[in-house]
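Undergrad: Show me the folded form of this:
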Amino acid sequence: MATRLHSAAIRLLRLVRREDPASGLTGPRLSALSVLVFGGPTSLGGLAAAEQVSAPTMTRIVESLVQAGLATRAAEPGNRRKVRIAATEAGVRLLEEGRERRVRALTERLARLADSERRALDRAVDILERALR
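TA: Down below sits the predicted model:
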């Protein structure tokens, strides 16, 4: 069961990721922005760790997000060497629009199922969410 679930999760992610090019961002930039939007402001090191990339790589990603007006970078009060990165309203909006596109694509797929199958899948999602806590 775990093998099938793993495979299905990967296929599901690939399906909804087809909507991502409409955002105008590369995958790594979109992923980093997602961490900022859904996880809140963080340090460059925290963001690099979350994305499993080096600090120099994350610096380039953050710079592109800042230049695009999707993120801000500010020194932390009391420690000017530490930088806090946060999503801007435009960044939040871009991510929300992307989420809507992904959900719409998934909704279209799920609409093909029988009502009884959608109810069973709804119960399975409840169980999966409990298992992942």
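
Undergrad: which residues are in contact with stretch 2-14?
TA: If you take CB atoms under 8 Å, 6 or more residues apart in numbering as the criterion, stretch 2-14 is touched by 106, 128. C-beta: built from backbone N, CA, C; applies to glycine.

Undergrad: just how off-centre is it within its chain?
TA: How far stretch 2-14 lies from its chain's middle: 17 Å, per CA atoms, centre = their mean, to the nearest Å.

Undergrad: Alpha carbons only: can I get it in PDB?
TA: Extracted C-alpha coordinates of stretch 2-14, given in PDB (Å, rounded to 0.1, in the frame of the first residue of the first chain):
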ATOM      1  CA  ALA A   2       2.800   2.400   0.900                       C
ATOM      2  CA  THR A   3       4.400   1.800  -2.500                       C
ATOM      3  CA  ARG A   4       1.200   2.500  -4.400                       C
ATOM      4  CA  LEU A   5       0.500   5.600  -2.300                       C
ATOM      5  CA  HIS A   6       4.000   6.900  -3.000                       C
ATOM      6  CA  SER A   7       3.600   6.400  -6.700                       C
ATOM      7  CA  ALA A   8       0.100   8.000  -6.700                       C
ATOM      8  CA  ALA A   9       1.400  11.000  -4.800                       C
ATOM      9  CA  ILE A  10       4.200  11.500  -7.300                       C
ATOM     10  CA  ARG A  11       1.800  11.300 -10.300                       C
ATOM     11  CA  LEU A  12      -0.700  13.600  -8.500                       C
ATOM     12  CA  LEU A  13       2.100  16.200  -8.000                       C
ATOM     13  CA  ARG A  14       3.200  15.900 -11.600                       C
END
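
Undergrad: Can I take it that residue 83 is in a strand?
TA: Yes - checked against DSSP: H, G, I helix; E, B strand; the rest coil, residue 83 lies within a strand.

Undergrad: check contacts around it.
TA: 43-44, 73-76.
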